[in-house]
Structure formats: C-alpha cells, structure tokens
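Q: curious how this folds, go ahead:
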Amino acid sequence: MEEQNNQTAAATPSAIVPAEELERASRALAEKYKIDSAFVRVGVLSRILGLAAPTIYAAMKTGRFPIPHRKVGSTPLVKLDDLARWYCAEDLSRAPSSARPDGEAHKPGVIDEIAKAKLVKTVLRELRGERE
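A: Numbering: from 1, shown residues only. Sure thing, here's the model as predicted:
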C-alpha cells in the first residue's frame with residue numbers, strides 16, 4: 001500500500017516527550033477507546049476528540065488538523081503514537097503545579113476531560129485559522 005504523508009510543520013509538537021509518558025498515554029488511549037492497531041481511523045478519532053468525522057476530514061484536507069496524519073490509499077489515518085505525542089506535548093505545556101478543578105493533582109499521560117477539551121478547542125481554532 002502506498003503511504004502518503006500529510007504532516008505540516010505546525011502540526012508537529014515541539015516539546016520533547018519522555019518515552020515513558022508517551023507509552024503511558026498510548027496505552028491509556030488504546031484501552032479507553034478499544035484501539036487495537038498502530039493507526040487510528042477518523043471514526044475513532046471522532047469519538048476521542050468529540051468532533052464530527054466530516055469536521056476532521058475537512059481539517060485534514062485543508063492542512064489545518066493539528067495532529068500529524070497520513071493517507072494510506074484513500075483512508076486518512078493518525079498514528080496512535082502521534083496522537084499520544086500530541087496529547088503529551090499539550091499536557092507538558094501546562095504548568096507542572098497545575099491542579100484539576102476537583103482538587104486532585106494532574107497526572108501527565110492520563111487522558112482526562114481537561115486535555116480532551118483543550119484538544120477540541122485547538123482543533124476548532126485551527127479550523128477557523130486563528131492563532132493564539
């Protein structure tokens with residue numbers, strides 16, 4: 001199968017993610033969303049991000065999707081490791097002493113609602129072409 005890379009420089013997180021955090025995030029995503037492959041299809045990505053599949057397809061097509069992706073044949077895919085790396089890079093951008101609203105300390109690499117909301121906000125901002 002032919003693999004076509006559709007990554008953009010803006011989509012690649014600049015933070016260096018420790019390998020153990022990346023592995024922990026990958027396992028958490030795979031377990032929570034029943035991912036049994038190295039690649040995540042748009043349907044599953046839609047459930048993870050809380051965005052409609054057509055929104056994700058449109059963002060990928062226009063090059064505004066913030067997570068690296070590639071096309072295999074005509075199917076756009078995101079590597080699970082890329083999704084985990086993106087999540088962890090967003091996670092590392094938070095202040096290390098930040099606490100969650102429920103008072104618990106934040107545990108890096110664990111998928112939570114705060115990280116999911118931030119991911120969705122970033123995707124929507126990218127779709128609108130806004131900058132921080």
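
Q: shaky segments in the chain?
A: 1-15, 90-113, 115-116, 127, 130-132 (pLDDT under 70).

Q: strands of that one, residue ranges please.
A: Using DSSP state E, the strands of the chain run over 3-5, 39-41, 70-72, 75-79.

Q: of those strands, which is nearest T62?
A: strand 75-79 (12.2 Å; CB to CB). C-beta: built from backbone N, CA, C; applies to glycine.

Q: other SSEs contacting the closest one?
A: strand 39-41, strand 70-72 (3 or more CB pairs under 8 Å, 6 or more residues apart in numbering; DSSP states H and E).

Q: pick the most buried one from these.
A: Mean neighbour count (mean count of other CB atoms under 10 Å) peaks for strand 39-41 among the helices and strands packed on strand 75-79, with a mean of 18.

Q: and the helix ranked longest in the chain, C-alpha only, in PDB?
A: The residue-count maximum for a helix in the chain (DSSP state H) belongs to helix 113-128. C-alpha atoms of helix 113-128 as PDB (Å, rounded to 0.1, in the frame of the first residue of the first chain):
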ATOM      1  CA  GLU A 113     -11.600  15.700  30.200                       C
ATOM      2  CA  ILE A 114      -9.400  18.800  30.600                       C
ATOM      3  CA  ALA A 115      -6.900  17.500  28.000                       C
ATOM      4  CA  LYS A 116      -9.800  16.400  25.700                       C
ATOM      5  CA  ALA A 117     -11.400  19.900  25.900                       C
ATOM      6  CA  LYS A 118      -8.100  21.600  25.100                       C
ATOM      7  CA  LEU A 119      -7.600  19.300  22.100                       C
ATOM      8  CA  VAL A 120     -11.000  20.000  20.800                       C
ATOM      9  CA  LYS A 121     -10.500  23.800  21.300                       C
ATOM     10  CA  THR A 122      -7.200  23.600  19.400                       C
ATOM     11  CA  VAL A 123      -8.700  21.700  16.500                       C
ATOM     12  CA  LEU A 124     -11.600  24.200  16.200                       C
ATOM     13  CA  ARG A 125      -9.200  27.100  16.400                       C
ATOM     14  CA  GLU A 126      -7.000  25.600  13.700                       C
ATOM     15  CA  LEU A 127     -10.100  25.100  11.500                       C
ATOM     16  CA  ARG A 128     -11.000  28.700  11.800                       C
END
